[in-house]
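**Student:** Would you be able to build a 3D model of this:
(chains A and B, ligands or ions: 1)
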Amino acid sequence: MKKKEEVSFTGRIWAFFASIKLSVVLLIVLAVTSIIGTVIPQNADPASYFKSYGEVFYKIFKSLGLFDMYHSWWFLFILMMLTINLLVCSSKRLPTVWKIVAVKNPKFNKKRFDNIKRQDSFIVLSSPEKLKSIYESYIIKKLRYCHSEETDAGFVLYAERGRWTRMGVYIVHLSIIILFIGAIVGSLFGYNGWVNIPEGETVDHIRLRESSKPYQLDFALRCNEFKATFYDSGMPKEYKSSLTIIENGQEVLTRSIVVNDPLRYKGVSFYQSGYGTLPPDRVTLKITDNKIGKSESIEALFHKKVNLPDNKGFFKVINFVSDFMNAGPAFQVQLLDNGKSPVLLRLFKNYPNLDRMRKGRYLFSIESYPEVYYTGLQVTSDPGVWVVYAGCILLIIGITVTFFMSHNRLFVQVVRDKEGSRVTMAGTANKNRLAFEDKVEKITEGLQLLS
Amino acid sequence: MNSSYLLSIITFIYGAASFCYITTWIFKKPIIGKLATITTYIGFLGHTVGIILRWVESYQMGAGHGHAPLSNMYESLVFFSWSIILLYLLIEYKYKNKSIGGVAAPLAFFALAYASLSPHIEDRISPLIPALKSNWLIIHVITCFIGYAAFAVSFGVAIMYLMKARGGEGKDSFLNQFPAVRILDRLIYQTITLGFLFLTMGIITGAVWANSAWGSYWSWDPKETWSLITWFIYATLIHSRMVRGWRGKRIALLSLIGFIAVMFTYFGVNYILPGLHSYAQ
Ligand code: HEM
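**Tutor:** Numbering: from 1, shown residues only, chains lettered A, B, ... in the order given. Alright, predicted model coming up:
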């Protein structure tokens, strides 16, 4: 008694997942729910969510995982349902289709021939015996497979092509499973991070994007040079980094990368994704003594006291901004001139005389500072990507087979008719019937010309 | 003459062709139909020349500027319109019926008119920024927009289907000029399967491009997600037709919904949703 109930329960689950209604429902659910994540920005700063949605909605959305919905448990659950649905459906239908497809020598089936509505026939003067081999060799050229049988009054030909295309749907569905497997492999065993490397320097670890934790690489990477080029209009033209892989102290590979052309080494890819200049650690200032009209160049390290030319006071460089209020690079200097209260100076590279307005004893301006570029690299490792690409190729092939290729069958019956023969032709196709009818017409014409 | 100017002239030729095709619905004079077809062929020829000319112009702008004309909203609209006409001419040739021109030509006309005349759309050639320098991008745009064009034609045919199925077959009705509902139904489906193949290739080539530019083939940005939503909608349509045997009105309605999703993926994401996609800038 108990056993029977169990069987019917699993049976019911099986039936539930074997239903095409379920796949249609799941596809619609996916289409509708996916919209949410395009309206609510994903993975943004919690504070900005709080501001736009208010406390109540923030809490509701957060508990539903809507701020990272494509990785939320319920979205993954729908995808899993879809996968089970696909697997169950296919395992139910595939054996039947396979039985049809795996036939080596398909035979003539008179009933099927009689059932075809459209039959064309014509009369020729040759006898069936003469026609048989001519027809056979003509038709095998057009359809690849041809089987003939003698009958009392002549012969029949059965020809076909593309039996295997009935598998198209299963190729499609299989490719989707492969895609999922590739995506899962990637998310389990891959990582995604970034690293900034100043020109001339070498790194052996990166930072992971999600956790910001450092991640040790199996080798080291040096940035030899970074170069940004621009069009006349000021738009960026190319970002290019020259990189060298160093393994066990040996330089093993040197290559330049640009956007869209990453460096791949041992399963890790380095993508050109940004650049910048390092904040300088020192600056050379030109200090003019307004009293005696003499100027002097002084190199100052950041946060180090530097004596003024008259040794009766000092200054300290405390800050650098690469672009201060759209006026270009600027340094901040703290000045402690003998006995006076401390002053903060903002010195602009592009406006060397601005400090004159202060009317102090010393005029400060920036002479030079070291400008070191760094290249910004996105670093990923995704061992699943080739699985995903294989799935993609299979998907395209599968869809092409499913929609644009068909299983065509042609029946030809030749019966002795007075001096000659009566030939009757009929064709069927499991898809694009009209296209095949055109082809049958052409073959009919061809046969008429032959005999 | 530069390409933008030539293409704005083509807009008017398509406008004239649309007028002729719609006129053939009402007046059953074969001469108007012939005129419509000839006008469309001339427009298509000029359109093709315009695209090639634009390509050449980009190379004349200076070293490093040359690129296939498929890199911004204007150029994609021009190619979209071109694909619609190409597909329509193939259908007209195959089905020997001009009435579909009454919906297809106006769609191509609107796309090109929007490109040429809208003040929001920049028609100057600009050089490519680094992220757009990719052969995958070219294949991506071509496959996507051939797919969109097939969906556009399917949308037009679905409207014809709904008009014909609703209007009945009055004796003098212009609906008599339309192909039989059975043929319209099949044509909706055939163009959708074509569009589905190309949309699939478009999504995949886009993913390959993203992977070569940023190291991630899928990041759920709104444009990607909406193209996937579109894909889901058409997959629903295909399944309900192939397995559940839906025909006619339901398929026509689903085709309308699918095309709304296409349009949203194309324009809505850029103008309404916050996004990162390159055309959005
Ligand atoms: C998105 C994921 C997909 C899911 C979950 C899915 C699911 C299913 C299921 C469960 C069936 C019924 C089982 C069967 O007949 O074997 C089915 C049938 C079918 N699917 Fe899909 N499918 C998906 C994608 C596709 C795609 C992209 C195509 C496009 C080519 C497609 C084409 C078909 C066809 C033509 C059938 C009918 C098969 C038949 O009549 O034997 N499917 N699909």
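**Student:** Which stretches in the stretch 101-250 of chain A count as helices?
**Tutor:** Assigned by DSSP state H, counting those that start in this stretch, the helices in the stretch 101-250 of chain A fall at A:110-115, A:128-143, A:168-189.
**Student:** Go ahead and name everything in contact with the first one.
**Tutor:** Contacts made with helix A:110-115 from outside it, assessed by CB atoms under 8 Å, 6 or more residues apart in numbering or on different chains, are listed as A:156, A:409, A:411, A:413, A:426, A:428. Yep, even glycine has a C-beta here, placed from its N, CA and C like the rest.
**Student:** Single out the most deeply packed of the helices of the stretch 101-250 of chain A.
**Tutor:** helix A:168-189 (a mean of 18; mean count of other CB atoms under 10 Å in any protein chain shown).
**Student:** ok, that one near the ligand or not?
**Tutor:** Yes: using CB under 6 Å from any ligand atom, a contact is recorded between helix A:168-189 and the ligand, made by A:169, A:172-173, A:176.
**Student:** among the residues you listed, which two are most distant?
**Tutor:** Largest separation among these by CB to CB: A:Val169 and A:Ile176, giving 11.0 Å.
**Student:** So for the two, which residues contact both of them?
**Tutor:** Contact criterion CB under 8 Å, 6+ apart; no residue bridges A:Val169 and A:Ile176 by contacting each.
**Student:** The closest residue in space to A:Gly274 that isn't next to it in sequence in helix, strand or coil?
**Tutor:** Leaving aside its chain neighbours, A:Gly274 sits nearest to A:Gly376 (3.1 Å; criterion: CB to CB, 6 or more residues apart in numbering or on different chains). Using DSSP: H, G, I helix; E, B strand; the rest coil, the structure places A:Gly376 in strand.
**Student:** buried stuff in stretch A:298-315?
**Tutor:** Under the neighbour-count criterion of 16 or more other CB atoms under 10 Å in any protein chain shown, stretch A:298-315 has A:298, A:300, A:308-309, A:313-315 buried.
**Student:** Residues touching stretch A:198-207, excluding its own?
**Tutor:** Taking CB under 8 Å, 6+ apart as the rule, stretch A:198-207 contacts A:193-195, A:197, A:213-217, A:219-226, A:246, A:278, A:372-375, A:377, A:379.
**Student:** among the residues you listed, which are in strands?
**Tutor:** Of these, the ones assigned to strands by DSSP state E are A:193-195, A:197, A:214-217, A:219-226, A:246, A:373-375, A:377, A:379.
**Student:** Need the buried ones from the residues you listed selected in PyMOL.
**Tutor:** Burial among the ones in strands among the contacts of stretch A:198-207 is assessed by 16+ other CB under 10 Å; the matching PyMOL selection reads:
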select buried, chain A and resi 193+194+195+197+217+220+221+222+223+226+246+373+374+375+377+379
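**Student:** Domains in chain B, by residue range?
**Tutor:** B:1-123, B:131-281 (automatic domain parsing).
**Student:** hey, where'd the helices end up in chain B?
**Tutor:** B:3-26, B:30-60, B:73-95, B:101-117, B:135-167, B:181-214, B:222-242, B:249-263, B:269-271 (DSSP state H).
**Student:** Can you tell me which residues in the stretch 151-281 of chain B are near the ligand?
**Tutor:** So far as CB under 6 Å from any ligand atom goes, the stretch 151-281 of chain B lies against the ligand at B:235, B:238-239, B:242-243.
**Student:** same thing with the stretch 1-150 of chain A?
**Tutor:** Neighbours of the ligand within the stretch 1-150 of chain A, by CB under 6 Å from any ligand atom: A:20, A:23, A:82, A:85-86, A:89-90, A:93.
**Student:** Run through the stretch 51-200 of chain B and note the low-pLDDT ranges.
**Tutor:** B:168-172 (pLDDT under 70).
**Student:** near chain A, which residues of it show up?
**Tutor:** Within reach of chain A by CB under 8 Å from any CB of the partner chain, the stretch 51-200 of chain B has these residues: B:62, B:64-65, B:126-127, B:129-131, B:133-134, B:136, B:193-194, B:196-197, B:200.
**Student:** Now, of these, which are buried?
**Tutor:** Buried among these by 16+ other CB under 10 Å: B:65, B:126-127, B:129-131, B:133-134, B:136, B:193-194, B:196-197, B:200.
**Student:** re earlier: closest to A:Tyr58 out of the residues of helix A:168-189 next to the ligand?
**Tutor:** Distance to A:Tyr58 across the residues of helix A:168-189 next to the ligand (CB to CB) is lowest for A:Ile176, with 35.4 Å.
**Student:** Please tell me how far the closest one sits from A:Ile257.
**Tutor:** Separation of A:Ile176 from A:Ile257 (CB to CB, to the nearest Å) stands at 33 Å.
**Student:** Could you do B:Val153 as well?
**Tutor:** Distance from B:Val153 to A:Ile257, by CB to CB: 42 Å.
**Student:** More neighbours: these two, which one.
**Tutor:** B:Val153 (30 against 20; other CB atoms under 10 Å in any protein chain shown).
**Student:** In this structure the more buried one contacts B:Ile85, no?
**Tutor:** No: under the criterion of CB atoms under 8 Å, B:Val153 is not in contact with B:Ile85, lying 10.0 Å apart.
**Student:** any residues in contact with both of the two?
**Tutor:** Jointly contacting B:Val153 and B:Ile85 under the rule CB under 8 Å, 6+ apart are B:Ala104.
**Student:** Which parts of the stretch 301-450 of chain A are helices?
**Tutor:** Under DSSP H, counting those that start in this stretch, the stretch 301-450 of chain A gives helices at A:385-404, A:433-450.
**Student:** separation between the nearest residue to A:Lys316 once chain neighbours are set aside and A:Phe314?
**Tutor:** With sequence-adjacent residues excluded and distances taken as CB to CB, 6+ apart, A:Lys316 is closest to A:Gln334, at 4.6 Å. From A:Gln334 across to A:Phe314, the span is 9 Å (CB to CB).
**Student:** Could you count how many residues lie near the closest residue to B:Thr193 other than its chain neighbours?
**Tutor:** Nearest non-adjacent residue to B:Thr193, counting by CB to CB, 6+ apart: A:Phe403, 4.1 Å away. By other CB under 10 Å, 22 other residues sit near A:Phe403.
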